[in-house]
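Visitor: I would like the atomic coordinates for the input below:
(one chain, ligands or ions: 1)
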Amino acid sequence: METHKTAIGVDIGGTKIAAGIVDTEGHILSSLRAVTPAGTSDDVVSAINYLIDKLIESAANISEVAGVGLATAGTVDFKEGVIVQSPNLPFSKLRLRSIIESKFGLPTFLDNDGNLAALGESYYGAAQGIKNVVGLTIGTGIGAGIIMNGCLYRGATGAAAEIGHMVIEATGPRCTCGSYGCFEEMASGRALVRLAKEKIGQGRQSLILELAEGRFENITGQGITETAGKRDKLAIEVFNEVGFWLGIGINNIINIFNPEMVVIGGGVADAGELILAPARQVVAERTLHPNQDVAEIVLAGLGNQSGILGAAALVFDELSLD
Ligand SMILES: [Zn+2]
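Guide: Okay, the predicted model is just below:
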């Protein structure tokens, strides 16, 4: 009889670390989370170790655990298992894969969270069974993953799929990466907040400022989404503009990759049609046929569990257990 396998998936974020035991069907059997320590990389590694330790203790049968998958923001060298650098974590050239592998004696794999969100969606979410998929995770910035012919496309050093830094407005605002008018500067939560502040700064009235208790620094993407839901004119205008730029980016993605599906997740995706409708309109107007005819633009299916599920899927994928 074939043994029923599981994997431990760990999602390492700037504010929290979430970990879970997942079976090959994508069921999370148990999960834990911890606040990401504010200290050094050693402190963060200790927190990861603690969570994996607790999950192994709770596992019904440890021999069923096939391996550990690690998802992190930032630039990852997949082959070497190294986090080269990460925007919100104290990691620089950290050999995290070998650290975890030698501690627990389990096969361990490490990849970028954008890649793993896409892999998770293709294993267990909105893109199951689909071979050519581009996944976008739209939060403060834009993470991405590309699945070509059923495999993650990682490029020469694992740094592919930085679609968030595709330039879509060459004279646009400066991005955190140093370039100008990057996709994530024009079409993320950051863009929503920037545009809302600009318009309110010009003297326009909006419930957005009321919800932020009159303070500019309290304006958030979530607040703008909530206000747009109340039909606030300015908030809807902001979503139309950001949705336009989202559509421009998706137009480029579809023309390059000819995917069957573009899956959109992350906090900003909670706005649903508020942002997707203007994006779809741009795609309908600008994207080449037949590329646009086969490309569905859909919301992600895994929500905030996409990190754990994608990291576990990486283990099954690498060990060919799916
Ligand atoms: Zn950039």
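
Visitor: what separates the most centrally placed residue in the chain from Gly9, distance-wise?
Guide: For the chain, the residue nearest the mean C-alpha position is Thr137 (3.6 Å; Cα atoms, centre = their mean). According to Cβ to Cβ, to the nearest Å, Thr137 stands 16 Å off from Gly9. No exception for glycine: its C-beta is placed from N, CA and C like everyone else's.

Visitor: what's the answer for Ser306, then?
Guide: Counting by Cβ to Cβ - Ser306 and Gly9 are separated by 10 Å.

Visitor: can you check Cys182 too?
Guide: With Cβ to Cβ as the criterion, Cys182 and Gly9 are 29 Å apart.

Visitor: likewise Gly129?
Guide: Computed as Cβ to Cβ, the Gly129 to Gly9 distance reads 21 Å.

Visitor: what does Val134 give?
Guide: Applying Cβ to Cβ to Val134 and Gly9 gives a distance of 22 Å.

Visitor: who's more crowded, the two?
Guide: Between Val134 and Gly9, counting by other Cβ atoms under 10 Å, Gly9 is the more crowded of the two (32 against 27).

Visitor: next one: phi and psi at Gly69?
Guide: Its backbone dihedrals place Gly69 at phi -110, psi 140, with angles given as degrees, to the nearest 10.

Visitor: who touches it in this structure?
Guide: Going by Cβ atoms under 8 Å, 6 or more residues apart in numbering, Gly69 touches 7-10, 108-111, 116, 310-315.

Visitor: what bridges to it?
Guide: Gly9, Phe109 (DSSP bridges).

Visitor: and this protein, what are its domains?
Guide: The record assigns the chain these domain ranges, following automatic domain parsing: 4-122+304-318, 129-300.

Visitor: before we move on, the earlier item: part of a helix, is the residue nearest to the centre of the chain?
Guide: No - per DSSP: H, G, I helix; E, B strand; the rest coil, Thr137 lies outside any helix segment and is strand.

Visitor: isn't it right up against Val268?
Guide: No - look at Thr137 against Val268 with Cβ atoms under 8 Å: they stay out of range, at 9.1 Å.

Visitor: helix/strand/coil for the residue nearest to Leu89 when sequence neighbours are not counted?
Guide: Spatial nearest neighbour of Leu89, chain neighbours left out: Gly14 (5.9 Å); criterion: Cβ to Cβ, 6 or more residues apart in numbering. Per three-state DSSP, the local secondary structure of Gly14 is coil.

Visitor: burial check on Gly14, number of neighbours?
Guide: Number of residues near Gly14 (other Cβ under 10 Å) recorded here: 14.

Visitor: just Glu296 next, same as before
Guide: Glu296 is flanked by 13 other residues according to other Cβ under 10 Å.

Visitor: so what's the closest residue to it other than its chain neighbours up against?
Guide: Nearest residue to Glu296, sequence neighbours excluded (Cβ to Cβ, 6+ apart): Met261, at 4.9 Å. Taking Cβ under 8 Å, 6+ apart, we find Met261 in contact with Ala126, Ala127, Ile130, Asn132, Val133, Val134, Ala295, Glu296, Ile297, Val298.
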